[in-house]
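Asks: Test case, fold it:
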Amino acid sequence: MISKTRGIVFRFTRFRESSIIVSIFTEVFGLQSYMVNGVRSARPSGNKNALFQPLTLLDMVVYHRENANINRTREVKCLYPSHTLATDIRKSSISLFVCEILNKTVKEEAQSKEIFDFIFNSLLTLDHQEENYENFHLLFLIKLSRHLGFGAYTAPQIGGTRLQDRETEEALERLLNAAYTTPVPGITSARRRELLEVILGFYAEHVESLGVVKSVQVLRDVLS
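Replies: Predicted coordinates:
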């Protein structure tokens, strides 16, 4: 069956000399793997690798077979070229973290349209923001958890015994009620690192495969 869908690239792995297998979260079919041939061509005009970098937003026509482990693409083009995610070091660090979290948490989703729209719009928001995005990764974690089915709505539900003081609990409460573009007062770099540990601890209780989030150290270095 030939179908049209939007997609968000999660990751890719090389396959043989010039092909890749790319994991794409699609609006219509949820998380899918696609074989793409001739991606790593020696000819510059034939190099399509840029289309399949993590978090690229795609417009796709695909061959879809139910229950197939790997499908194929017919047409792929960039739906929205990012303007700042690759050039702003703080945004690129946040993007790296977001991508790792998505790969660890988003699997086959029955309600793929809803979670697709959330991720898609979140990435557009980050790309467009000129200020007040230093807490984006914290807000993204909170909002994503609600789409994954284990989100909480109060600081004690998320923090539990991990909350060390009243100031941290109050900061978390402010985040829980904030939009991406809302300035959240009173969150220093140190408090931001503490809140990230608290929220990731909450994730670890609900996502068995979470493990170590390697990009956390990059965030600490860049957003300090």
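Asks: mind listing what Val98 touches?
Replies: Val98 makes contact with Leu55, Ser122, Leu123, Leu126, His137, Phe140, according to C-beta atoms under 8 Å, 6 or more residues apart in numbering. To be clear about C-beta, it is placed using only N, CA and C from the backbone, and glycine gets the same treatment.
Asks: isn't Leu200 right next to Ser215, touching?
Replies: No. With contacts counted by C-beta atoms under 8 Å, Leu200 stays clear of Ser215, the gap being 11.1 Å.
Asks: as a whole number, average confidence for the longest strand anywhere in the chain?
Replies: Determined from DSSP state E, the single longest strand within the chain is strand 2-15. Across strand 2-15, the average pLDDT comes to 94.
Asks: next helix or strand past it?
Replies: Following strand 2-15 in sequence order, the next helix or strand is strand 19-26 (DSSP states H and E).
Asks: which of the residues in that following strand are buried?
Replies: Under the neighbour-count criterion of 16 or more other C-beta atoms under 10 Å, strand 19-26 has Ile20, Ile21, Val22, Ser23, Ile24, Phe25, Thr26 buried.
Asks: what bridges to the second one?
Replies: Beta-bridge partners for Ile21, by DSSP bridges, are Thr13, Met35.
Asks: pretty sure Val76 belongs to a helix, no?
Replies: No. Assigned with DSSP: H, G, I helix; E, B strand; the rest coil, Val76 falls outside any helix and is strand.
Asks: going forward can the numbers begin at 52, since that is how I track them
Replies: All set: I'll call the first residue 52, so the last point we hit is now Val127.
Asks: any idea how far it lies from Tyr85?
Replies: As defined by C-beta to C-beta, to the nearest Å, Val127 lies at a distance of 9 Å from Tyr85.
Asks: do the same with Glu68
Replies: For Glu68 relative to Tyr85 (C-beta to C-beta), the value is 18 Å.
Asks: ditto for Arg116
Replies: 12 Å.
Asks: Need the overlap of contacts for these two.
Replies: The contact lists of Arg116 and Tyr85 share Asn122, where a contact means C-beta under 8 Å, 6+ apart.
Asks: circling back to that earlier point, tell me what the longest strand of the chain is packed against?
Replies: Packing partners of strand 53-66 (3 or more C-beta pairs under 8 Å, 6 or more residues apart in numbering; DSSP states H and E): strand 70-77, strand 108-114, helix 140-156, helix 163-179.
Asks: Tell me the buried residues in it?
Replies: Using 16+ other C-beta under 10 Å as the test for burial, strand 53-66 gives Thr56, Arg57, Gly58, Ile59, Val60, Phe61, Arg62, Phe63, Phe66.
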